[in-house]
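**Student:** Whatever this is, show me its structure:
(one chain, ligands or ions: 1)
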Amino acid sequence: MAHASPAPASDGPPAVDVAANLAAVTAEVQDAARAAGRDAGEITLIAVSKGHPPSRILPALAAGHTTYGENRVQEAGEKWRALRAEWSGAVLHYIGALQTNKARDAVAVADAIHAIDRPRLATALAREMDRQGKRPDCFIQVNTGAEPQKAGVLPDGLDALLTQCRDDLILPVVGLMCIPPAAEDPAPHFTLLQELAARHGLDKLSMGMSADYRTAIALGATHVRIGTAIFGARPAP
Ligand SMILES: *Cc1c(COP(=O)(O)O)cnc(C)c1O
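**Tutor:** Sure, this is the predicted structure:
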């Protein structure tokens with residue numbers, strides 16, 4: 001869990017040592033990879049900075065971490081326009097649900113998009129990529145738990161969506177992404193995602209968050225999305 005140090009001031013929220021948390025999570029990712037007999041170099045740590053101000057992100061940038069995750073297009077645009085002016089090497093992944101009418105801004109701001117889950121969104125993203133001459137890596141989100149409130153294509157709809165994305169729209173689909181149901185053992189969901197990716201010849205697996213990334217790495221994750229363990233609790237939106 002996130003270290004809260006040094007000791008909190010008497011007013012305001014406790015300080016969070018982002019650099020120390022980042023180092024600890026990075027070491028943990030490497031250890032999990034080793035334990036799974038995998039090369040840590042094939043795992044990308046996406047530091048999920050959504051909801052946090054630039055002041056909270058700067059220590060991670062200063063420590064040399066390059067890859068970040070955001071899940072609100074407008075917030076990402078505002079924060080990263082400024083941050084990228086100084087940190088031009090930063091790589092931004094858009095994670096989670098995306099409204100079709102935000103496709104333009106998502107393509108403009110993101111280097112990778114982990115959100116494709118329906119034909120209209122795929123079509124809108126393809127149109128924007130053509131228009132902007134930019135091709136962020138695409139992950140298809142799969143609703144492995146078939147939760148009605150959750151984004152993601154159902155496992156039995158993946159085949160058709162992938163055919164549309166790859167064959168009709170020529171989207172640069174690199175892999176699959178999932179968020180397991182909160183109250184369940186995540187392992188079967190990670191295994192299902194891994195099987196679906198293998199069946200469709202996809203290399204990348206975006207799975208694992210602060211609470212379950214070791215399990216995800218053991219089951220083949222190539223991208224772990226970790227927020228709280230690095231940046232501390234998010235302020236209420
Ligand atoms: C917020 C978020 C994360 C990070 O969650 P933590 O529990 O804070 O690590 C990962 N993936 C997605 C899609 C998110 O929205």
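**Student:** Okay, buried residues for the longest helix seen in the chain please.
**Tutor:** When the chain is parsed with DSSP state H, its longest helix is helix 18-35. In terms of neighbour count (16 or more other Cβ atoms under 10 Å), helix 18-35 has its buried residues at 18-19, 21-22, 24-26, 28-30, 32-33. All C-beta atoms are positioned from the backbone trio N, CA, C, and that covers glycine.
**Student:** Same check on stretch 61-69?
**Tutor:** Using 16+ other Cβ under 10 Å as the test for burial, stretch 61-69 gives 61, 65, 67-69.
**Student:** between those residues, which is closest to the ligand?
**Tutor:** Set against the ligand, the nearest of the buried residues of stretch 61-69 by Cβ to the nearest ligand atom is Gly69 (6.5 Å).
**Student:** Mind giving me the packing neighbours of the longest helix of the chain?
**Tutor:** Helix 18-35 sits against strand 44-48, helix 54-62, helix 213-218, helix 228-231, with contacts defined as 3 or more Cβ pairs under 8 Å, 6 or more residues apart in numbering; DSSP states H and E.
**Student:** Repeat the analysis, applying 10 Å as the threshold.
**Tutor:** The contact analysis (3 or more Cβ pairs under 10 Å, 6 or more residues apart in numbering; DSSP states H and E) places helix 18-35 against strand 44-48, helix 54-62, helix 213-218, strand 223-226, helix 228-231.
**Student:** most tightly surrounded among the ones you listed?
**Tutor:** The highest average neighbour count among the helices and strands packed on helix 18-35, using mean count of other Cβ atoms under 10 Å, belongs to strand 223-226 at a mean of 26.
**Student:** ok, back up a step: turn the helices and strands packed on helix 18-35 into CSV, including distance to Ala76.
**Tutor:** Below are the helices and strands packed on helix 18-35 laid out as CSV (distance: least, Cβ to Cβ, whole Å):
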stretch, distance to Ala76
strand 44-48, 11
helix 54-62, 11
helix 213-218, 22
strand 223-226, 14
helix 228-231, 15
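**Student:** Dump those to TSV, plus mean pLDDT.
**Tutor:** What follows is those, written out as TSV (pLDDT from 0 to 100):
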stretch	mean pLDDT
strand 44-48	98
helix 54-62	97
helix 213-218	98
strand 223-226	98
helix 228-231	98
